[in-house]
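Q: build the 3D model from these lines:
(one chain, ligands or ions: 1)
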Amino acid sequence: MLELSQVDSHYGASQALYNVGLSAEPGKISCVLGRNGVGKTTLLKALAGQQSISAGSIMFNGKDISKMSPAQRAKQGIAIVPQGREIFGQLTVLENLKTGFSVLPKSERFIPDEIFRLFPVLKQMLARRGGDLSGGQQQQLAIARALIMRPKLLMLDEPTEGIQPSIIKDIQKVLALLRDRGEMAIVLVEQYFDFAVALADNYTVLDRGNVVLQGSKDEVDEADVKRWMSV
Ligand SMILES: Nc1ncnc2c1ncn2[C@@H]1O[C@H](COP(=O)(O)OP(=O)(O)OP(=O)(O)O)[C@@H](O)[C@H]1O
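A: Take a look at the predicted model:
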């Protein structure tokens with residue numbers, strides 16, 4: 001349902017992605033791994049429309065989305081939970097959640113109860129300012145905001161970064177549950193190996209903008225993945 005092929009991407013004269021391919025399908029978590037600065041965020045931004053591509057194609061549900069704006073892609077059902085979360089610190093939790101409404105038709109502009117079943121802590125904090133939440137709570141809010149958009153493709157950029165272990169476990173459970181429902185494809189960018197291994201159905205490992213290892217959990221040796229993340 002998502003098929004990115006032969007993608008190059010540049011920042012000015014400097015090339016960040018070389019001939020990268022990635023696919024994702026509902027009910028599966030595609031993990032993108034690699035050390036700092038290898039191009040993981042660039043790849044997610046290219047998928048979300050926040051970074052242009054200089055070669056290749058991005059097909060989503062049979063449509064070429066590679067020229068679409070971020071807003072058009074969001075309307076197609078592509079949601080991103082960005083690195084650093086990008087919560088609006090001055091807005092309340094409820095107001096932050098409502099920013100997810102912008103891509104929805106009027107009839108769907110409500111917060112499903114399900115959001116609070118997945119993240120009970122948010123229900124108690126609806127009137128708090130986003131900036132007053134802990135890092136882990138902000139990450140849960142960022143995921144909830146993305147889910148409000150009813151995505152068909154959910155992308156997360158290092159959701160465990162700077163977060164306490166108990167909340168990492170909660171986030172892991174939520175992602176496994178969303179995956180097992182089979183309604184959305186998930187692309188997870190991570191540097192935390194154990195978290196990624198616990199969730200991955202397939203791996204794409206990047207190094208200096210190139211795919212150096214790719215395949216399903218059965219095909220790929222996790223020791224090789226780990227090696228690429230530590231060298
Ligand atoms: N806005 C930018 N302008 C110029 N170069 C950039 C920009 N953003 C990223 N780069 C470069 O592109 C390359 C890939 O960066 P990217 O952020 O995609 O890597 P990453 O794997 O996500 O790293 P991290 O784990 O640190 O987030 C790096 O060499 C980086 O310096």
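Q: how much space separates residue 192 from residue 167?
A: If you measure residue 192 against residue 167 using C-beta to C-beta, to the nearest Å, the figure is 13 Å. Backbone N, C-alpha and C define where each C-beta goes, glycine included.
Q: go on, residue 65?
A: Taken as C-beta to C-beta, the span from residue 65 to residue 167 is 32 Å.
Q: next: residue 226.
A: Residue 226 is 24 Å from residue 167, by C-beta to C-beta.
Q: spell out which parts of the protein neighbour the ligand.
A: For the chain, the contact set with the ligand under C-beta under 6 Å from any ligand atom comprises 11, 14, 16, 34, 36-42, 83, 191.
Q: most neighbours among these, which one is it?
A: Neighbour tally across the residues of the chain next to the ligand (other C-beta atoms under 10 Å): the maximum, 25 neighbours, falls on residue 34.
Q: show the pLDDT at the closest residue to it other than its chain neighbours.
A: Nearest non-adjacent residue to residue 34, counting by C-beta to C-beta, 6 or more residues apart in numbering: residue 206, 3.9 Å away. Looking at residue 206, its pLDDT stands at 97.
Q: show me what the strand or helix carrying residue 206 pairs with in its sheet, parallel or antiparallel.
A: Using DSSP states H and E, residue 206 sits in strand 202-207. Next to strand 202-207 in the sheet, as set by DSSP bridges, lie strand 29-33 (parallel), strand 210-216 (antiparallel).
Q: which one of those strands is the most hemmed in?
A: strand 29-33 (a mean of 24; mean count of other C-beta atoms under 10 Å).
Q: so how far is that one off the chain centroid?
A: 9 Å (C-alpha atoms, centre = their mean, to the nearest Å).
Q: all helices of this structure, in order?
A: 40-48, 70-75, 93-98, 113-118, 120-124, 135-148, 165-181, 193-199, 222-230 (DSSP state H).
Q: which elements pack onto the last one?
A: In terms of contacts (3 or more C-beta pairs under 8 Å, 6 or more residues apart in numbering; DSSP states H and E), helix 222-230 is packed against strand 29-33, helix 193-199, strand 202-207, strand 210-216.
Q: repeat that for the second one.
A: Contacts of helix 70-75 with other secondary structure elements, assessed using 3+ C-beta pairs under 8 Å, 6+ apart, are made with helix 40-48.
Q: for stretch 208-227, list the C-alpha coordinates in CSV.
A: This file holds the C-alpha atoms of stretch 208-227, laid out as CSV (Å, rounded to 0.1, in the frame of the first residue of the first chain):
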residue,chain,number,x,y,z
ARG,A,208,25.0,7.2,4.9
GLY,A,209,21.8,7.5,2.9
ASN,A,210,21.9,4.0,1.5
VAL,A,211,19.9,0.9,2.3
VAL,A,212,22.5,-1.6,3.6
LEU,A,213,20.1,-4.2,5.0
GLN,A,214,16.5,-4.9,4.2
GLY,A,215,14.0,-7.7,4.7
SER,A,216,11.4,-9.3,6.9
LYS,A,217,12.0,-10.4,10.5
ASP,A,218,12.6,-14.0,9.2
GLU,A,219,15.0,-12.9,6.5
VAL,A,220,17.2,-10.6,8.4
ASP,A,221,19.7,-11.5,11.1
GLU,A,222,19.0,-9.2,14.1
ALA,A,223,22.7,-9.4,15.0
ASP,A,224,23.5,-7.8,11.6
VAL,A,225,21.0,-5.0,12.3
LYS,A,226,22.6,-4.4,15.7
ARG,A,227,26.0,-4.2,14.1
